[in-house]
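J.: What follows is a predicted protein model with its sequence.
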Amino acid sequence: MSDTTTIPVTVSADTVRIVNNDGTARRLAVALRSLKSAILKLSPKKILILADWLVKWAVFLERESNFNPSRLKRYKQREIVLVDFGFNVDGEFGGRHYAVVLEKNNNPASSVILVAPITSYDPAKGSHPSSIDLGVGAINDYAKGASIVVNQIRAISKMRIEKPLTSNEPRLYMDCQKFQELCEKIKQRINFS
């Protein structure tokens, strides 16, 4: 006998009906009502951003069971990748941003990888003092400045990486000296002594 049960679902704008006998339908309906209530209290801009993220998240959920990270290229330390960090809570980093790979020898079969996100800044205002400034034009000759957000380092699923996905795509690497500066800044933030 299978451990999984197929649950038929009917979805409309206001209702979700799941046919089963274990209370899953009730729990999901309560959760979706609560989510809808919270979303409707947000600004219109935030609602659109969240709606776009929910669609993307649904795609991730569908891909998850068949995702094979070993089909992706092998990511190297200092490599810059484009990531969708998603819609997150409060001050957590979110949205589509470049990030630098921190791991030295990430296992190609591992579905996760450790990265530090990169954000843009207005050159007239300068980068945040706690970040690592990569300078103006550092990412694909972008007219704004780019800096690494040191306090937002995190492990991400490789499904979140949008590019590069293959070894044939152009690669971008962080300058060695700047990477050493980043490593020192991380050591200062996470002082284990």
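T.: Here it is on my side, so go on.
J.: Let me see the domain layout of the protein.
T.: Split into domains by automatic domain parsing, the chain comes to 1-41, 70-189.
J.: Tell me which stretches of the chain form strands.
T.: Using DSSP state E, the strands of the chain run over residues 9-11, 16-18, 79-84, 96-101, 112-121, 132-136, 145-148, 154-157, 161-163, 172-173.
J.: what about the protein, any weak spots by pLDDT?
T.: Scanning the chain for pLDDT under 70 picks out 1-21, 192-193.
J.: quick one on the thing from earlier: mind giving me JSON lines with the strands of the chain and columns for mean neighbour count and distance to V59?
T.: Placement of C-beta: from N, CA and C, glycine included. Below are these laid out as JSON lines (neighbours: other CB atoms under 10 Å; distance: least, CB to CB, whole Å):
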{"stretch": "strand 9-11", "mean neighbour count": "10", "distance to V59": "16"}
{"stretch": "strand 16-18", "mean neighbour count": "14", "distance to V59": "19"}
{"stretch": "strand 79-84", "mean neighbour count": "21", "distance to V59": "11"}
{"stretch": "strand 96-101", "mean neighbour count": "21", "distance to V59": "15"}
{"stretch": "strand 112-121", "mean neighbour count": "21", "distance to V59": "18"}
{"stretch": "strand 132-136", "mean neighbour count": "18", "distance to V59": "31"}
{"stretch": "strand 145-148", "mean neighbour count": "23", "distance to V59": "28"}
{"stretch": "strand 154-157", "mean neighbour count": "16", "distance to V59": "13"}
{"stretch": "strand 161-163", "mean neighbour count": "15", "distance to V59": "12"}
{"stretch": "strand 172-173", "mean neighbour count": "14", "distance to V59": "26"}
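J.: Thanks a lot, see you next time.
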